[in-house]
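> Just need the structure, nothing else, for what follows:
(one chain, ligands or ions: 1)
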Amino acid sequence: MTTTHPRLLDVADVHTYYGPSYILQGVTLGAARGEVVAILGRNGVGKTTLVSTLAGFVPPRQGKISIGGIDITGTTPERISRQGIALVPQGRRIFRSLTVHETLELGSNLRRYDREGLSWSKDEVYAAFPRLAERRNNRAGGLSGGEQQMLAVGRALVGYPRVVLLDEPTEGLSPLLVKELHAVLVEVKRRGSTLLLIEQRLKFAMALADRVLLVNKGRIVFESTPEALQAAEEVRDRYLGV
Ligand SMILES: Nc1ncnc2c1ncn2[C@@H]1O[C@H](COP(=O)(O)OP(=O)(O)OP(=O)(O)O)[C@@H](O)[C@H]1O
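Numbers count the residues shown, from 1 in each chain. Presented below is the predicted three-dimensional model:
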């Protein structure tokens, strides 16, 4: 008998603290294979804390996180990445002394866990982001901010991208790179990866998302399709200020 996991990622009543600061106050969400979920909200409401919790950098004090039916609550970031959760963090966090190619080489170590064939080859990343191909032998530290962001995305894709957590990936990108990133994320979804997308550019997020979650004060306060959010002017005004 084959078991299916309609919800690849399952997050149940998660509570996260930074010391005494109570940030995530009971977050429950699920995401299916190949689904794009946008996570929206004003600054400081806990969006980054949510993806940091899912990636294992800030373990929750309460609640449960599982992927493909496997409980990963409280395990290390390394084990979580082996389960196919890849974080593209805000501010990129790449190794400045490695070249572009070495960075992708390192990221591709996770490929061996990929049983679903979701990994991108380095050449596919280069084809998607020609600027990275031109700079493959350059040190990552010398790249522009936008190029570093593309490299952080590429590093996630060459690994085991079952769930890709993107924390404001368009921040500081030129219009051309925003367009390239959009095309890449459409293809990432088409191949069956799941995306959780934190994004300030509403238009960018709405164009990709199947579902939209609004976060306020560490809780999910609204959930809908992009179309329904588009129509809900009062909700957008209250939680997004747009
Ligand atoms: N390392 C930390 N230690 C203590 N408090 C923190 C830490 N990181 C974030 N916070 C606080 O947690 C709250 C949520 O921050 P978080 O970065 O998750 O919000 P956000 O919605 O991602 O906002 P932004 O878009 O500004 O990053 C904020 O009040 C922030 O000041």
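> What is the neighbour count of Ile23?
20 (other C-beta atoms under 10 Å). Quick note: C-beta positions are derived from backbone N, CA and C, even for glycine.
> got the phi/psi numbers for it?
With angles defined as degrees, to the nearest 10, Ile23 sits at phi -100, psi -70.
> The one 3 residues further on too?
Comment: the main-chain dihedrals of Gly26 come out as phi 100, psi 70, following degrees, to the nearest 10.
> my guess is it meets Val11, correct?
No - checked against C-beta atoms under 8 Å, the pair Gly26 and Val11 is beyond contact range at 10.5 Å.
> Show me the common contact partners of the two, please.
Gly63 (C-beta atoms under 8 Å, 6 or more residues apart in numbering).
> more neighbours, the two?
Neighbour tally, Gly26 and Val11, criterion other C-beta under 10 Å: the higher count belongs to Val11, 24 against 13.
> Contact partners for Leu50?
Val14, Thr16, Leu24, Val27, Ile39, Val215.
> at 7 Å what do you get?
Contacts were defined as C-beta atoms under 7 Å, 6 or more residues apart in numbering; by that measure Leu50 touches Leu24, Val27, Ile39.
> And the residues you listed, which of them are buried?
Leu24, Val27, Ile39 (16 or more other C-beta atoms under 10 Å).
> Check the gap between the first one and Met206 for me.
Translated: Leu24. With distances taken as C-beta to C-beta, to the nearest Å, Leu24 is found 24 Å from Met206.
> Over to Ser108?
Counting by C-beta to C-beta, the gap from Ser108 to Met206 is 32 Å.
> who has more neighbours, these two?
Of the pair Ser108 and Met206, Ser108 is the one with more neighbours under other C-beta under 10 Å, namely 21 against 17.
> buried residues in the longest helix seen in the chain?
In terms of residue count, the longest helix belonging to the chain (DSSP state H) is helix 175-190. Within helix 175-190, the residues that count as buried by 16+ other C-beta under 10 Å are Leu177, Glu180, Leu181, Val184, Leu185, Val188, Lys189.
> same question, stretch 221-230
Those would be Phe222, Pro226, Leu229, for stretch 221-230 by 16+ other C-beta under 10 Å.
> Show me what the residue positioned nearest the centre of the chain bridges to in the sheet.
Among the residues of the chain, the one closest to the centroid is Leu165, at 1.4 Å (C-alpha atoms, centre = their mean). Taking DSSP bridges as the rule, Leu165 bridges to Leu87, Leu196.
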